[in-house]
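**Student:** The sequence and its predicted three-dimensional model are supplied below.
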Amino acid sequence: MKSLRSLRVLAATASAAAMALTSVGIYLGRVLRLNSWDAFTRPEILAAIAHRRLANPIGHPELYPLIGGIGLLLMA
């Protein structure tokens, strides 16, 4: 029984991680107008954006509520 419970926890954790990454992808595409292939063709732009957003979260107040809201909608 314990292994079934641990599998459920693992599945829930993996699902939450996938939803969080999906939410970040939606934010990058809808708000910042980036495309999926930018991760391969212009990774330096994604790195610069990530650095700016994480270094100054107060300067980007829409970031975390938007990603959190999208994540909640995806989990519903």
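**Tutor:** Sure, I can see it.

**Student:** same question for the longest helix along the chain, mean pLDDT?
**Tutor:** Secondary structure of the chain per DSSP state H: the longest helix is helix 2-30. Averaging pLDDT along helix 2-30 yields 90.

**Student:** what comes up buried for it?
**Tutor:** 19-20, 23-24, 26-28 (16 or more other C-beta atoms under 10 Å). C-beta here means a position set from N, CA and C on the backbone, and glycine is covered the same way.

**Student:** which secondary structure elements does that helix contact?
**Tutor:** Counting contacts by 3 or more C-beta pairs under 8 Å, 6 or more residues apart in numbering; DSSP states H and E, helix 2-30 is packed against helix 63-75.

**Student:** So what's the gap between the longest helix of the chain and the chain middle?
**Tutor:** A distance of 10 Å separates the C-alpha centroid of helix 2-30 from that of its chain, computed with C-alpha atoms, centre = their mean, to the nearest Å.

**Student:** Now do that helix against helix 63-75, angle only.
**Tutor:** Put simply, helix 2-30 runs at 120 degrees to helix 63-75, going by axes from the mean of the first three to the mean of the last three C-alpha atoms, to 10 degrees.
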